[in-house]
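Trainee: With the input below, show me the fold.
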Amino acid sequence: MNDGVFERVERLSRREREIFGLLGHGLSNRGIARRLGISERTVKFHVSNILIKLRVESRLQAGSVACRLP
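Mentor: Now for the predicted structure:
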């Protein structure tokens with residue numbers, strides 16, 4: 001999966017990085033929303049942007065990348 005995906009993490013905004021990290025911990029959209037005090041709809045929006053920016057197909061792949069970052 002390392003076709004530059006780790007370098008693309010740099011393109012994430014601060015909020016996207018927060019959500020990206022929580023994906024790595026396996027949190028659901030609802031869990032992320034509660035943790036950050038935002039709506040589930042906002043989380044969905046950010047997750048969608050993360051998938052696009054990282055060029056991965058699923059939140060599971062994004063979470064896997066998050067787990068492998070130093």
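Trainee: tell me the mean pLDDT for the strand or helix carrying residue 7?
Mentor: Here residue 7, judged by DSSP states H and E, is contained in helix 5-8. Averaged across helix 5-8, pLDDT comes to 90.
Trainee: what's around residue 53, how many residues?
Mentor: By other C-beta atoms under 10 Å, the residues close to residue 53 number 18. Just so you know, the C-beta spots here come from the backbone N, C-alpha and C atoms, and that holds for glycine as well.
Trainee: which residue sits closest to it in space, ignoring its chain neighbours?
Mentor: residue 11 (5.1 Å; C-beta to C-beta, 6 or more residues apart in numbering).
Trainee: and the helix holding residue 7, what other elements does it pack with?
Mentor: Contact analysis of helix 5-8 by 3 or more C-beta pairs under 8 Å, 6 or more residues apart in numbering; DSSP states H and E lists helix 40-54, helix 59-68 as its packing neighbours.
Trainee: again, only this time at 6 Å
Mentor: Helices and strands in packing contact with helix 5-8 are not found; criterion 3 or more C-beta pairs under 6 Å, 6 or more residues apart in numbering; DSSP states H and E.
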